[in-house]
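Novice: Below is the structure, and that's it, no one-letter string:
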């Protein structure tokens with residue numbers, strides 16, 4: 001603990017009015033919002049040595065955003081000079097650093113500073129954040145912008161620790177690992193795998209892709225931003241108009257589908273599925289491999305993606321697809337249920353992240369020493385407007401339970417950081433005590449009839465108690481990010497966000 005920090009803690013005066021955890025787009029957006037509101041006493045704690053969050057950490061071959069880059073930017077700093085419609089990761093990291101410098105946030109960031117736990121000190125109404133190595137930072141408010149792609153998740157397969165070859169997760173890519181001529185295996189067929197597999201296939205000696213569930217893969221309109229587009233965006237108002245048009249399509253179309261009557265929703269889902277499957281069939285030559293790659297479930301059960309090269313990669317003679325379940329991992333490779341041992345030199349796990357464990361990823365205790373993880377396990381995931389949590393005063397999540405909505409991520413960041421605006425602008429010296437019984441309940445959870453739009457044929461992909469329970473009778477009604485933005489902006493009084501949210505009663509399952 002630094003002397004200044006220890007002295008501030010003893011006197012009840014925090015080191016900073018606001019502590020932001022994470023210097024990805026969420027943390028950067030929070031910093032910009034604070035600066036706009038005249039709050040300058042804040043610090044951003046970043047565990048990596050540079051800004052950019054997931055775009056700094058993820059360096060696997062082919063990494064890129066898989067939504068239109070044109071809307072993958074803040075409304076107040078819309079960039080129109082991207083190289084492609086789906087921008088590579090290094091350009092997104094560059095954009096993050098441009099924002100940091102433009103808004104003079106670099107001096108606010110403490111790099112290589114990892115938070116390992118945080119505790120609310122009720123006697124002084126401040127948060128105490130413990131750092132890796134033993135340091136401490138205190139703050140009146142905490143904004144956790146740790147992101148959903150925070151913790152790489154290795155597959156839970158027996159024997160993974162016994163493997164003697166090279167094992168790595170795509171989120172922790174080691175550029176020093178030589179793949180040329182090697183026997184390489186990839187576990188996972190999500191968006192990351194779709195980007196990486198076509199990139200490494202020409203380099204390796206042999207590539208084996210292990211697939212549990214096939215993914216809907218659509219054609220990718222990945223055109224370059226040539227002179228025409230840049231000239232078009234140069235006209236006043238054009239960029240903003242196109243942004244609004246794309247936002248409307250990505251935000252309201254899913255909304256409309258989920259609100260359809262079941263028979264119409266089923267028709268829409270079936271039409272989309274058939275259209276995409278038809279295109280997928282044209283990409284793969286071998287009929288056996290082709291059928292294995294075609295999704296057997298309804299469209300939307302597993303997150304779809306885009307690629308013009310992934311499916312064609314399986315036409316290469318050095319690429320194989322394995323759909324037999326992996327029984328265990330051996331010292332030499334992977335043993336599948338059919339008794340075949342696939343020996344490999346390098347095992348790459350494109351198995352995603354522990355998404356629901358980022359809220360945040362480290363121990364957090366609130367009022368009464370209540371552990372946040374235990375609170376979620378006992379009361380289910382809940383948060384007021386997806387941002388504030390009962391009994392965790394002045395603590396805000398940029399992407400919290402039920403905070404996810406359809407639409408662009410940056411607009412969601414702007415909406416959730418706006419949620420805390422009244423509290424941060426007033427900067428109260430005492431926390432607002434919640435009433436004995438809340439007069440408001442979570443507005444994003446409701447009991448609804450399970451229609452074909454919300455049913456899933458592969459529910460095993462979902463955790464047992466996720467923040468979004470698609471198969472539950474208590475679930476989320478999908479909302480557009482524009483609606484969430486309007487709702488958050490309308491919050492004008494401090495009592496509006498500090499009211500403790502009472503968890504809705506669980507429905508009895510029939």
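Specialist: Received the coordinates, thanks. What you are looking at is a predicted structure, and each value in this text was computed from that prediction instead of being measured. Numbers count the residues shown, from 1 in each chain.

Novice: Then residue 412 would be within a helix, right?
Specialist: Yes. Assessed by DSSP: H, G, I helix; E, B strand; the rest coil, residue 412 belongs to a helix.

Novice: pLDDT score assigned to it?
Specialist: Per-residue confidence for residue 412 comes out at a pLDDT of 81.

Novice: what about it, distance to residue 26?
Specialist: 9 Å (C-beta to C-beta, to the nearest Å). C-beta coordinates here come from the backbone N, C-alpha and C atoms, glycine included.

Novice: okay, these two: which has more neighbours?
Specialist: Legend: neighbour count by other C-beta atoms under 10 Å for residue 412 and residue 26, higher for residue 26 (28 against 23).

Novice: who's in contact with that one?
Specialist: Going by C-beta atoms under 8 Å, 6 or more residues apart in numbering, residue 26 touches 53, 145-147, 398-399, 413.

Novice: May I see these organised as CSV, with secondary structure, neighbour count and distance to residue 382 added?
Specialist: Formatted as CSV, these follow (DSSP: H, G, I helix; E, B strand; the rest coil; neighbours: other C-beta atoms under 10 Å; distance: C-beta to C-beta, whole Å):
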residue, secondary structure, neighbour count, distance to residue 382
53, coil, 26, 25
145, coil, 28, 20
146, coil, 24, 18
147, coil, 24, 20
398, coil, 30, 17
399, coil, 22, 14
413, helix, 24, 21
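
Novice: Between the residues you listed, which sits nearest residue 287?
Specialist: residue 147 (41.3 Å; C-beta to C-beta).

Novice: where does that closest one land on pLDDT?
Specialist: 83.

Novice: Same question for the one 10 residues further on.
Specialist: Note for residue 157: predicted pLDDT of 94.

Novice: That one looks like it's in a helix, true?
Specialist: No. Remark: residue 157 does not belong to a helix; assigned using three-state DSSP, it is coil.

Novice: list the buried ones in stretch 22-37?
Specialist: Buried residues in stretch 22-37, defined by neighbour count with 16 or more other C-beta atoms under 10 Å: 22-34.

Novice: Of those, which belong to strands?
Specialist: Assigned to strands by DSSP state E, none of these qualify.

Novice: what's the farthest-apart pair in these?
Specialist: For these, the farthest-apart pair by C-beta to C-beta is 24 and 34; their separation is 15.8 Å.

Novice: so what's in contact with residue 412 and residue 26 at the same time?
Specialist: Both residue 412 and residue 26 are in contact with residue 399, where contact means C-beta under 8 Å, 6+ apart.

Novice: residues in contact with the nearest residue to residue 126 once chain neighbours are set aside?
Specialist: Spatial nearest neighbour of residue 126, chain neighbours left out: residue 14 (4.6 Å); criterion: C-beta to C-beta, 6 or more residues apart in numbering. Residue 14 is in contact with 8, 126-127, 138-140, counting by C-beta under 8 Å, 6+ apart.

Novice: one more time with 10 Å, if that's ok
Specialist: Counting by C-beta atoms under 10 Å, 6 or more residues apart in numbering, residue 14 touches 5, 8, 41, 121, 124-128, 137-141.

Novice: Buried among these? Need that as a selection in PyMOL.
Specialist: In PyMOL syntax, the buried subset of the contacts of residue 14 is picked out as below (16+ other C-beta under 10 Å):
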select buried, resi 5+8+124+125+126+127+128+137+138+139+140+141
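
Novice: Let me know the closest of the contacts of residue 14 to residue 74.
Specialist: For these, the nearest to residue 74 is residue 141 (21.4 Å; C-beta to C-beta).

Novice: Can you name the residues that contact that closest one?
Specialist: Each residue near residue 141 by C-beta under 10 Å, 6+ apart is listed here: 14, 16-20, 34, 39, 42, 126-127, 393-396, 420, 423-424, 427-428, 431.
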